[in-house]
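Q: sequence and computational prediction follow.
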Amino acid sequence: MKKLKLAVLLFCLAFAPLTVLASQVNLNTASASELEALPGIGATKAAAIVSDRETNGPFASVDDLARVSGIGDKTVEQLRGSASVK
């Protein structure tokens with residue numbers, strides 16, 4: 001039984017990084033409602049992200065979110081693990 005628990009634990013640890021990547025929200029393709037799933041992003045900020053993207057083109061990096069009104073460096077840092085541009 002201990003070997004089975006160890007095997008399950010190792011399996012989970014091995015594939016945990018893939019789960020994180022799979023759950024990232026793409027800032028360049030997500031709808032406003034999908035963006036609202038990100039920490040610290042409500043309806044107003046999600047709409048601002050979509051509007052900025054439509055006006056200025058795609059985000060080259062998560063850091064580009066700082067160009068969106070209402071999103072500062074602290075929010076960008078919060079989103080690093082859950083947002084992507086690819």
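A: Now that the structure is in, tell me what you want to look at. Numbering: from 1, shown residues only.

Q: and the helices in this protein?
A: 2-22, 32-35, 43-56, 73-79 (DSSP state H).

Q: residues in contact with residue 50?
A: Contact analysis of residue 50 by Cβ atoms under 8 Å, 6 or more residues apart in numbering lists 31-32, 35. In short, each C-beta sits where N, CA and C put it, glycine included.

Q: list buried residues within these.
A: Buried members of the contacts of residue 50, scored by 16 or more other Cβ atoms under 10 Å, are 32, 35.

Q: want to try TSV for the contacts of residue 50, with pLDDT as columns?
A: Putting the contacts of residue 50 into TSV (pLDDT from 0 to 100) gives the following:
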residue	pLDDT
31	98
32	98
35	98
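
Q: which residue packs closest to residue 44, ignoring adjacent ones?
A: residue 70 (6.9 Å; Cβ to Cβ, 6 or more residues apart in numbering).

Q: follow-up on the earlier one: of the contacts of residue 50, closest to residue 25?
A: residue 35 (6.4 Å; Cβ to Cβ).

Q: so residue 68 is in contact with residue 48, correct?
A: Yes. Counting by Cβ atoms under 8 Å, residue 68 does reach residue 48; the two are 5.2 Å apart.

Q: residues in contact with the closest residue to residue 41 other than its chain neighbours?
A: With Cβ to Cβ, 6+ apart as the criterion, residue 41 has its nearest non-adjacent residue at 5.4 Å, and that residue is residue 35. With contacts defined as Cβ under 8 Å, 6+ apart, residue 35 is in contact with 25, 27, 41, 45-46, 49-50.
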